[in-house]
Structure formats: C-alpha cells, structure tokens
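**Q** Model the structure of this input:
(chains A and B)
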Amino acid sequence: MALKVYNYLSRELERFKPLRPEHVNMYACGPTVYDHAHLGHAKTYVAMDVIVRYLRYLGYNVRYVRNFTDVGHLLDTGEDRISRGARRERVEPMELVETYINSFNDDMDALGVIRPNITPRATCHVPEIIVWVEDLLSQGYAYEVDGNVYFSVEKFPEYGKLSQRQVDEQQAGARVEVREDKRHPADFALWKRAASEHLMRWPSPWGEGYPGWHIECSVMATKYLGTTFDIHGGGLENMFPHNECEIAQAEARNAAPFANYWLLVGSLTVNGVKMSKSLGNFLTIKDALSLYSAEAIRYFILSSHYRGPVDFSRDALQAAQRGVGRLHNTVRKLRYAMKDAASAAGTAVLAQVGGLDEYREDFQAAMDDDFNTPQALAILFELVKEVNRHLDENSRHAMGTLAAMDRIFRDLGGKVLGIVPDNLEEREGGATVAGLVEFLLELRQQARESRDWSRADLIRSRMAELGILIEDGPDDTTWRLA
RNA sequence: GGCGACGUAGCCAAGUGGUAAGGCAAGGGUCUGCAAAACCCCCAUUCGUCGGUUCAAGUCCGACCGUCGCCUCCA
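**A** The predicted structure is shown next:
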C-alpha cells in the first residue's frame, strides 16, 4: 500500500513521496486573528490535523508549521483587519492579536487539534520580509511606486499555474477597484506604504509601511521548512489569489519549486452558502462546543471528504453526535470488559482470527486513498458491529482479543481520527461521584431484588435527570454520564 | 464573461467500467420486570434529465437543467 494524495498543482492523484524518506515538512495557512474562530476554521484545521496525524501514524516525522496572520490582511475598504478589530475593542493591535491567538488555541485544543510544531507570526518576520522584497526588486520581479512595492505578474509566466487561471481572462476589478499605480491589474502588493492614520508600521527602504498579505507565508514557510518543502495546505478559497501569490514570490526569488504537494480543504457551507464572517451565517467554535461534543464535531467534519464542501445543519450535527455516541458506547463496553478480570480471563476469541488485521488494513487503504475519512469511518463502524457482536455473544473473553480490539480503536479512532478519547471511561466525574453512584446502584439493586420496581425506577429516573444514565445488563448494571 | 466544483434513499455521505459502503432516522424481531444499550431483519431494480460509447456506466463522452465556489475580504 502506498499513500496517494490529490495534488492541486497537477490536478491528479499522485503517489506521495517526500523529499527525505522519513520526514515530511508541511505548511498550512493559518487564520487572521481578529475575531473568534468559527466552524469553517474548524473544518480546515481538523482536516489538516487528521492529515498530520495519519502521516505520523505511517511513521513519518512531520514538521508542521501553521502561521498566525497578524498584519497586512486588508478589507475591501483597504483597512487592515487587525486595525479595525483593535479600534472596535479599543485595544492595541497586538493586544487584540494576543486575545484571539489564545482564543484560537483554546478552540483547537478543545477540538483535539494537535498543535503545530511551529506557529510563526507575520509581525515577527518583518526583517525577513523586507529582505525578500529587496531581493525581488533587485531581481526585477517587483517595482516600487511611491512607497508601495508590487510584484509584477508579467515577469513570472507561471503565475496562475495552481489555480489554472489566465490572468488576462479574468475580469479585472470584478470586486475591488484596481489601483491606478499598478502596471498590471493582477499585480499584488509585497509592501504597502502606511497612511498617516495606519496603526501598524515598520521602517523600510521604501519608507514606513507594512507587509502585504501574501508575502508572509512564502517567507515563514521557507524559513522553517526550507526553500522547497513537501506539503502546503489550507482552505480551498485561498487558492487564488493567496496561494498563487505565495508560489510566485517564492519561486521567483529562490528559483526553486516552493511546495511539491498542494492539499486544499473544501469550504463549510450553511444551506449551501459558505460560512463566513462577512455573511454573518457563522457559528463560533465555542458556541458549537456548547451544543455538541468535540468528537461529534470532528466526526461531522470527517464524514465527508476533506476536499469537498460540508453543509452545516443541526440535523447533521445531531446525527454525528449520535453516531459518535454509539462508537463510544462500544469502546466503553470493551474497556469495561477488560477491567473485569473474571470476564477477561476467559478464552473467547473473535470468530475470524486475523479479522482484526483486516480492519486495520482496510482502514489504511481508505486513508491511503487521499485521506478518505468517510470510508475509514465506515470501516470503523463495521468493527463496532463486530466487537458488539463479540461482546454480546460471549461472557468470558480472551484478554488478548479484547486488548487487540481496544488497540485498534485507540490507534485508528484515537490517534488518527481523534474521535475516540483514551480516557473515555475516566470522564465519569471522579472518585467521589463514582462512589456515590455505586452506592445508589447498590440501593437500587436491593430494591430490584425485592421486586420493588417503583423504587428502582425512581432512582433510575432521578439519576437520569442528573445526567447519569443507567443500563441494566444480564449480569450487572453499568452507568455513564449523558 | 473566465476558471472550477457538485447533484447518490427521509437526512448526511463513500463509491471513476463489472452490477449501490457507512452513519442518522423510520418499521419488524431478539434480549429485558420495565427502560436503555446491543444484536438480527428491513430500508435506492437505482445514482439531476436526455442522448452516446461499451458485452457491461452512478462511474467514460456530449447536451441540457439545477446548486455552489473563486475571479485580489475569508480557513
């Protein structure tokens, strides 16, 4: 088996081959930190997270870099997003940035997105950016007009190769008016002169100014990953112009390929329309987490292919919540059986010996096929059914079989997909709660033995009101938090 | 106008030439004091429409209909 990925550069499924055999260098465009993140961000970074996790599962040593954009990303009005946010909240720009970096990290932690190895910030790389702009000027790829420096797309014939666009066939100024000082409408800013009221500014050879939006990613990606690196990821909507500009700057300056594989994530939509700040149709990650579990949100995102769009709806999230709940129930039962020495000392083994390996192989085959998580989930659910059947049909299990099944859930559901927590059974509220619940279950069991059903049911319903679900099995009673 | 994506059961969603995965929901059954959980059965003669290629098409080609994305705001 070999990993194949869909490379937007070639528009083909390609065998994945990193520059160095055991090592993968990977970059993803991060968020502009001027507000709380919403579910659209969650989709992109959960998808990238699973890609990183799977590469590590395959044994690669992955260095994953994801930036924070904290300057230079402008609104249609020309105002910097960070500046506007700072004015809105009456704080210093860097205070605003700090707040929303922390917010973003909190959200990603809560979603189980593993932190990248490096999270560079644009404002921390202004000296490097200035060097790049100087280089591009001296190499003839850029020109300066009154404190603004533009990249000349006509000097880089490959401009458009990622998005497969012919610059001259685009409708120039379709959305934003073309600046008169550009030689070509598609030229983009490397460095911008700071107007007098502009808050963020750095001295440069062209006067006080600030970096353009695209240059930071070229500079930071190559600084930490090398002139040419393996994977560049991010949201599909950034393919043009942002990613296209990154390539142009980096390949023009370094005369070397930028990223070998471009893996781009489809957008999250609401009623078919993209979730975005500007449309106001967004749900923040924090709000989503108050309604659904992190695993349910991840499951929802992973239940469609990363390159495609996902349409958000309450129904879809609720279905995900229930689905992931069934997965958790099975894992919980499995681990419960492992703790039960009497049951685990038995000899029952899974009917098809070696069948467990097949699940792992099928899962890998799905993930090897351009990270086909819906297919991988389907296989995980087939295993859920198999394990449930095994647990149902046998009261005394072979510890080795239980451990092998648990290992698969930990590896595939936990390490790779991040939807099966390692500590599922420890979420049950701590020793004090556990002691109380066990005591109540004891009382209820006494009531049941004396056939006092109304008292037994009263205890069960009152506990359910407190969020503690009781389930009577053939031999014993189990409980869990709702 | 240019580039691109998508249209599979009530809902979500895999499947790129060989006869429709998986999840949620609905229905029937087993188990159970009841409930819950779990298991079993059932759930698309059919993949937007119409043509074409082929022994064979959801899968390839063409046209049409519909939805959406990008074309210097976005993850």
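**Q** And the residue in the stretch 301-450 of chain A positioned nearest to RNA strand B, what's its pLDDT?
**A** When scored by Cβ to the nearest atom of the strand, the stretch 301-450 of chain A has A:Gly323 as its residue closest to RNA strand B, at 2.7 Å. Every residue, glycine included, has its C-beta placed from N, CA and C. With respect to pLDDT, A:Gly323 scores 94.
**Q** Surely it and A:Tyr299 touch.
**A** Yes. Applying Cβ atoms under 8 Å as the test, A:Gly323 and A:Tyr299 come out as touching, 6.1 Å apart.
**Q** Looking at the two, which is more packed in?
**A** Ranked by neighbour count (other Cβ atoms under 10 Å), A:Gly323 and A:Tyr299 place A:Tyr299 first, with 27 against 19.
**Q** what's the following helix or strand after the helix or strand hosting that one?
**A** Assessed by DSSP states H and E, A:Tyr299 sits inside helix A:294-302. Sequence order places strand A:310-312 as the next helix or strand after helix A:294-302, per DSSP H and E.
**Q** Flag every buried residue along the following helix or strand past that following strand.
**A** Using DSSP H and E, the helix or strand that follows strand A:310-312 in sequence is helix A:314-339. Using 16 or more other Cβ atoms under 10 Å as the test for burial, helix A:314-339 gives A:317, A:320-321, A:323-324, A:327-328, A:330-338.
**Q** Close to RNA strand B: what parts of the stretch 1-150 of chain A are there?
**A** Within the stretch 1-150 of chain A, the positions near RNA strand B by Cβ under 7 Å from any atom of the strand are A:29-32, A:38, A:40-41, A:43-44, A:69, A:73-76, A:81.
**Q** Please list all residues in contact with the residue of the stretch 301-450 of chain A closest to RNA strand B.
**A** A:296, A:299, A:303, A:381 (Cβ atoms under 8 Å, 6 or more residues apart in numbering).
**Q** buried subset of these?
**A** A:296, A:299, A:303.
**Q** tell me the contacts of the nearest residue to the first one once chain neighbours are set aside?
**A** Spatial nearest neighbour of A:Ala296, excluding adjacent residues (Cβ to Cβ, 6 or more residues apart in numbering): A:Gln321 at 4.0 Å. Residues touching A:Gln321, when contacts are defined by Cβ under 8 Å, 6+ apart, comprise A:292-293, A:296.
**Q** 10 Å instead?
**A** A:291-293, A:295-297, A:299-300 (Cβ atoms under 10 Å, 6 or more residues apart in numbering).
**Q** Show me which of those residues is closest to A:Glu98.
**A** Using Cβ to Cβ, the shortest approach to A:Glu98 within those belongs to A:Ile297, at 25.6 Å.
**Q** Tell me who's in contact with the closest residue to that closest one other than its chain neighbours.
**A** Spatially, and ignoring its direct neighbours in sequence, A:Ile297 is nearest to A:Ala288 (5.9 Å; Cβ to Cβ, 6+ apart). Applying Cβ under 10 Å, 6+ apart, we find A:Ala288 in contact with A:38-39, A:42, A:107, A:110-111, A:282, A:294, A:296-297, A:300, A:312, A:317.
**Q** okay if I get those residues as a markdown table plus distance to A:Arg396 and pLDDT?
**A** Output for the contacts of A:Ala288, formatted as a markdown table (distance: Cβ to Cβ, whole Å; pLDDT from 0 to 100):
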| residue | distance to A:Arg396 | pLDDT |
| --- | --- | --- |
| A:His38 | 50 | 91 |
| A:Leu39 | 45 | 92 |
| A:Ala42 | 43 | 94 |
| A:Asp107 | 45 | 96 |
| A:Ala110 | 40 | 96 |
| A:Leu111 | 39 | 96 |
| A:Phe282 | 52 | 85 |
| A:Ala294 | 35 | 94 |
| A:Ala296 | 34 | 94 |
| A:Ile297 | 38 | 95 |
| A:Phe300 | 38 | 94 |
| A:Phe312 | 46 | 87 |
| A:Leu317 | 39 | 92 |
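**Q** Tabulate the residues you listed (TSV), appending distance to A:Val126.
**A** Formatted as TSV, the contacts of A:Ala288 follow (distance: Cβ to Cβ, whole Å):
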residue	distance to A:Val126
A:His38	29
A:Leu39	32
A:Ala42	30
A:Asp107	27
A:Ala110	32
A:Leu111	31
A:Phe282	31
A:Ala294	36
A:Ala296	41
A:Ile297	36
A:Phe300	39
A:Phe312	37
A:Leu317	41
